[in-house]
Structure formats: C-alpha cells, structure tokens
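Engineer: next come a sequence and a model predicted from it.
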Amino acid sequence: MKGGVITERDAEYCTIRTRIPAGIISVDQLRGIADIAEKYGIADIHLTTRQTIEIPHMDPARLDSISGDLAGNNTPIGSERDEVVNIISCPGKERCVFANIDTISLAKTLDGKVFGKEMPVKMRISISGCPNACTSPMLNEIGIIGRIEPLRAEGTCTGCGTCVEYCKESAITIKRGNSVIDPAKCVQCGTCVRSCPFDLLKSSGEHYLIMVGGRRGRHPKLGRELITVTTPEAAISVVQAVINWVYRRAWSGRLLSEQMDELRFEKFRDEIREQVPVSAMVEKKAEAGL
Ligand code: SF4
Ligand code: SF4
Ligand code: SF4
C-alpha cells in the first residue's frame, strides 16, 4: 500500500489515493470506484491536482479489503511519500491542437517502468505536449515538454506575415520580404510551422526537453534544463537514468530541488548526457553538426 494511504486530520480515518497515470480512466473503472466508495459507506470522492482520485474517510481496519477491491478495478492504491508518485500529463497529441508529442502514451509507459519506486525524495513527473506547459512540468522533480524547432525550407517566402501574426513570442520578423526566426526568442512551440500557408516552415521533428529539480509548494522553484532528445524511447531512458542517479546520490529529509547544487548539477547533467546516443540528443547533434 505504501504512501497511497494518508492519515487524516482525524487520525481515526485515512484517505486512499489511487494510481491513475495521466488521469486517464475508463468509464467502467470510474463506475467501479463509485461502487467501491459506496460499498464502504463513502458518499464523496476527491479529484486531486495530480490527476488521481482519492477516497476519503476510510476505516484503517478495512484497508486490506479496499486494497483488493481497488486492485480488482485496475485502479490500485497509489503513492504519496518518498516514491515516484502519480505521473501526470496534458491531453497531448490525442486531442490538443498545440501538441507536439504523444503525452498520454509516454505517461503510461513511464508509469509501467518507474511508478512507486521507493526513493530518498519524492519524485513527481509531469508531461506537457508543448511549451504552454499546462501541467507545469517545470515545477516537478522531472518535467518533460514537447517541442519542435521551426526550420526554414527551400522556397520563396511571400513575406505574407502570417507566421509573424501567429508567433506569440515576436520571434519572427520579415526582412527583405523573407521570414527570419530569432532563435533567442523562439520557445519551439511549433505554431508557426502549422501556420504557413505555403508550407515553408518545417518541423525539426519531435523534441523532448527534460527538466529536473523543480518544485511547487511554499518556495516554488523552476526545474533546470537537463537535455533534449528526439524520441520517446530516449526520453524514457533519460527519466530512468535520472531516477537511478537520484536513488544513489540524493538523501532523505530535503526536496530534490534543495539538493541540486550540492549534488553538482553540471556533473550530473554530463553523466546523463554521456548515456544518450548522439542520434537521439539534440545538443550532441548540434555539436557534431548533424
Ligand atoms: S501543454 Fe500544450 S499540448 Fe498540452 S494541453 Fe496545454 S496547450 Fe495542449
Ligand atoms: S516555434 Fe513558436 S516561438 Fe518559435 S518562431 Fe515559431 S511560433 Fe514563434
Ligand atoms: S507564413 Fe510562410 S510565406 Fe508567409 S511570411 Fe511566414 S514563412 Fe513566409
């Protein structure tokens, strides 16, 4: 059961937190949770900020029984303490017009590989399909943001300015009748690629920016950019490498965000980068001129 059982203010009761990767649940599972809550005399359930469902006011003496019922519903007891907790994601390519990556399948695959692992610190993972960052990945211990870099294709730009209108970062200007992108301003949202009526702005392909060491709470902190990779497989490998690294090097009692300097972030970043093949890492490809 681990951390998914939370003692309430009235210590006679506990709250049960479930495991629902990406917050995606079938209608049968949803009905099942309602039936389980009713079976134990619970009238209200709680939708959490980490896309799970909690069943409050449980009698701790009945934990074994409800644990079996929830596992049978394929919504088992989740985690909350110093573990890898429920992995959250935005709808991504499945539904959102702005998405650059398939967030939900990535969240589900990561859940199968790392969810619930006991750690020296709590590890929250959040995935957003584009830099709009609707799930605040930069405020999690590990955050993933889907990006695409706009590349100017061969062909004559009409200077129509459509891409300039669409770019919210004012990163595109028209110079001598041609669009010019300022990489310092571009956040790689990909909107301009989808806006050009003449198909002159091309996508670099999917990029997965991985950030580490962010946190919410009373002293919020943005995560640091660790690496950008080009495939979901590489993103999963990086997340696993980060978790293994934190498991070995971090210590309990303080959040990962507070330990990043003492853990020597630059060395950590170099160690992770050494494990990623050149073909899957945007920074290495750029260094190699690929
Ligand atoms: S982060 Fe981007 S892709 Fe995800 S829901 Fe928000 S706008 Fe859509
Ligand atoms: S990718 Fe986004 S930020 Fe970059 S130039 Fe295009 S619209 Fe602007
Ligand atoms: S939308 Fe296309 S054609 Fe128009 S200015 Fe931009 S790149 Fe040129």
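Structural biologist: Now that the structure is in, tell me what you want to look at. No experiment lies behind these values; they were computed from the predicted model shown. Ligands and ions are numbered 1, 2, ... in the order given.
Engineer: how about the residues of the stretch 101-250 of the chain near ligand 3?
Structural biologist: 157-163, 179, 196, 198, 200-201 (C-beta under 6 Å from any ligand atom). To be clear about C-beta, it is placed using only N, CA and C from the backbone, and glycine gets the same treatment.
Engineer: and those, which of them are buried?
Structural biologist: 157, 162-163, 179, 196, 200-201 (16 or more other C-beta atoms under 10 Å).
Engineer: okay, those in a markdown table with secondary structure next?
Structural biologist: Converted to a markdown table, those look like this (DSSP: H, G, I helix; E, B strand; the rest coil):
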| residue | secondary structure |
| --- | --- |
| 157 | coil |
| 162 | helix |
| 163 | helix |
| 179 | strand |
| 196 | coil |
| 200 | coil |
| 201 | strand |
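Engineer: what is the nearest of these to residue 146?
Structural biologist: Using C-beta to C-beta, residue 201 comes nearest to residue 146 of those, at 17.4 Å.
Engineer: can I assume that closest one is in contact with residue 155?
Structural biologist: No. Residue 201 lies out of contact with residue 155 (C-beta atoms under 8 Å); the separation is 10.1 Å.
Engineer: so, low pLDDT: which residues of the stretch 151-290 of the chain?
Structural biologist: 288-290 (pLDDT under 70).
Engineer: what are the boundaries of the helices in it?
Structural biologist: Secondary structure of the stretch 151-290 of the chain (DSSP state H, counting those that start in this stretch): helices at 162-166, 191-195, 232-249, 256-259, 265-274, 282-287.
Engineer: what is the burial count for residue 217?
Structural biologist: 9 (other C-beta atoms under 10 Å).
Engineer: what are the phi and psi angles of it?
Structural biologist: Backbone geometry at residue 217, expressed as degrees, to the nearest 10, gives phi 90, psi -160.
Engineer: tell me how far it lies from ligand 3.
Structural biologist: 42 Å (C-beta to the nearest ligand atom, to the nearest Å).
Engineer: what residues are up against that residue?
Structural biologist: residue 255 (C-beta atoms under 8 Å, 6 or more residues apart in numbering).
Engineer: also the one 3 residues further on?
Structural biologist: By C-beta under 8 Å, 6+ apart, the contact list for residue 220 reads residue 139.
Engineer: which one of the helices of the stretch 151-290 of the chain lies nearest to ligand 2?
Structural biologist: helix 191-195 (3.2 Å; C-beta to the nearest ligand atom).
Engineer: related to what we said a few turns ago, can you redo the buried ones among the residues of the stretch 101-250 of the chain next to ligand 3 as a markdown table with distance to residue 262?
Structural biologist: Output for those, formatted as a markdown table (distance: C-beta to C-beta, whole Å):
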| residue | distance to residue 262 |
| --- | --- |
| 157 | 50 |
| 162 | 49 |
| 163 | 44 |
| 179 | 45 |
| 196 | 47 |
| 200 | 48 |
| 201 | 43 |
